[in-house]
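Trainee: The sequence isn't on hand, but the structure is:
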Ligand SMILES: Nc1ncnc2c1ncn2[C@@H]1O[C@H](COP(=O)(O)OP(=O)(O)OP(=O)(O)O)[C@@H](O)[C@H]1O
């Protein structure tokens, strides 16, 4: 693996307030990193720090082969060879599509500019719009122009701040897949910020989950999905539902039965409440069993009926709601049923 970007102990404070603390990340050349986390956790600040719009207070940014950026050696944004696509596209309204794309190509001669622009127009299916102004384009077309403009100077690293947030869901999926194959075709390394967990699972080779200025976990989407390191990560990515657990005499008790868990396997965050992460496939209906949940919500999906269940227990320590479950059996809202937890690789977290 060739490393393109390495962040070591990167910290940023704005107006004396720590915004990023000890961020460590490594990104291989050609990989796409999805940066996710709750609002205000520092995702945009991290992109702005990489691009050089915000100064780092501590730590090192290394961009292959030999650019080392430290607080004592800050490098101007235009010398970093990093492209950025903003949420609002930030196109120049008075310039045509052609001229918007040509903006970062002043160092090339006219013939080279034309070749590069024509290639991008064709790759992004914009050729017929080259003479139009931004206000004469749809949102999706404007987004494509923003992508073409950012790619034109052939940046080493492309940063995308919620690139699809202003686009309707259907077009967003199409654009996302198109952009992914374009980045792969051009072997461009990219980091994109999103709030959307589906987007990150389908677009990214690597993901990093942030919380309050820290990176809580990074890895491949599959690794993080299968082995979230804390309840914040699992909760933010909505990897499953939470089932409260109490332990009495070494036994783990829940509102839908007891479970045999080795407590040493628990991810301990020092919290006092414990919860089991349950995926829909970890739950089974018990025909004619003693009802222990009630159906709160029913939705028809391509995977069968999607139910949200809440507990029937009076014990507040064990009660839950919104337990997600899929079945081909038909139940009505308000109906009480019996379920049990199937043996699986239990993931118990403290909150
Ligand atoms: N120029 C600034 N001066 C002081 N504080 C700032 C500045 N810019 C951002 N912040 C603060 O830094 C924190 C992180 O902001 P940032 O925009 O990086 O978060 P984010 O994760 O991108 O949020 P969102 O998902 O809502 O866009 C927030 O608490 C924000 O108020």
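Mentor: That came through, no problem. This one's a predicted model, so the numbers in the text were calculated from it and none came from an experiment.
Trainee: Buried residues, the longest helix along the chain. List them.
Mentor: In the chain, with assignment by DSSP state H, the single longest helix is helix 169-185. Judged by neighbour count using 16 or more other CB atoms under 10 Å, the buried positions of helix 169-185 are 172, 173, 175, 176, 179, 180, 182, 183. C-beta: built from backbone N, CA, C; applies to glycine.
Trainee: Looking at these, which is nearest residue 70?
Mentor: The nearest member of those to residue 70, counting by CB to CB, is residue 183 at 28.5 Å.
Trainee: and the closest one, what does it touch?
Mentor: 32, 158, 190 (CB atoms under 8 Å, 6 or more residues apart in numbering).
Trainee: Name the member of those residues with the most neighbours.
Mentor: residue 190 (26 neighbours; other CB atoms under 10 Å).
Trainee: Give the bridge partners for it, please.
Mentor: When assigned by DSSP bridges, residue 190 has beta-bridge partners residue 32, residue 158.
Trainee: Verify the stated contact: it with residue 156.
Mentor: No - taking CB atoms under 8 Å as the definition, residue 190 is not a contact partner of residue 156, at 10.4 Å.
Trainee: and this structure, which residues reach the ligand?
Mentor: 14, 15, 19, 37, 39, 40, 41, 42, 43, 44, 45 (CB under 6 Å from any ligand atom).
Trainee: okay, among those, which ones form the most distant pair?
Mentor: Among the residues of the chain next to the ligand, the pair separated by the greatest distance (CB to CB) is 15 and 37, which sit 20.9 Å apart.
Trainee: So for these two, which residue has more residues nearby?
Mentor: Per other CB under 10 Å, whichever of residue 15 and residue 37 has more neighbours is residue 37, with 24 against 5.
Trainee: Wait, that one touches residue 213, no?
Mentor: No - with contacts counted by CB under 8 Å, residue 37 stays clear of residue 213, the gap being 9.4 Å.
Trainee: which residues are common contacts for the two?
Mentor: Shared between the contact lists of residue 37 and residue 213 (criterion: CB under 8 Å, 6+ apart) there are no residues.
Trainee: The closest residue to residue 108 other than its chain neighbours: how many residues sit nearby?
Mentor: Leaving out its chain neighbours, the residue that sits closest to residue 108 by CB to CB, 6 or more residues apart in numbering is residue 116, at 6.9 Å. The burial count assigned to residue 116 is 19, neighbours taken as other CB under 10 Å.
Trainee: Contacts made by the strand or helix carrying residue 116 with the rest, please.
Mentor: With the criterion set as DSSP states H and E, the secondary-structure element containing residue 116 is helix 110-123. Among residues not part of helix 110-123, those counted as contacts by CB under 8 Å, 6+ apart are 97-98, 101-102, 105, 108, 126-127, 130, 148, 151-152, 182, 185.
Trainee: Closest one to residue 335 out of the residues you listed, please.
Mentor: Where those are concerned, and distances follow CB to CB, residue 335 has its nearest neighbour in residue 182, at 48.7 Å.
Trainee: For the closest one, which non-adjacent residue is closest in space?
Mentor: For residue 182, the spatially nearest residue (CB to CB, 6+ apart) is residue 123, at 6.1 Å.
Trainee: Could you pull out the strands in the stretch 201-350 of the chain for me?
Mentor: Along the stretch 201-350 of the chain, the segments classed as strands by DSSP state E, counting those that start in this stretch run 206-211, 214-219, 241-248, 251-254, 257-259, 274-278, 283-285, 293-301, 304-311, 323-327, 336-337, 339-341, 348-350.
Trainee: closest to residue 8 out of those strands?
Mentor: Among the strands of the stretch 201-350 of the chain, strand 214-219 comes nearest to residue 8, with 12.1 Å by CB to CB.
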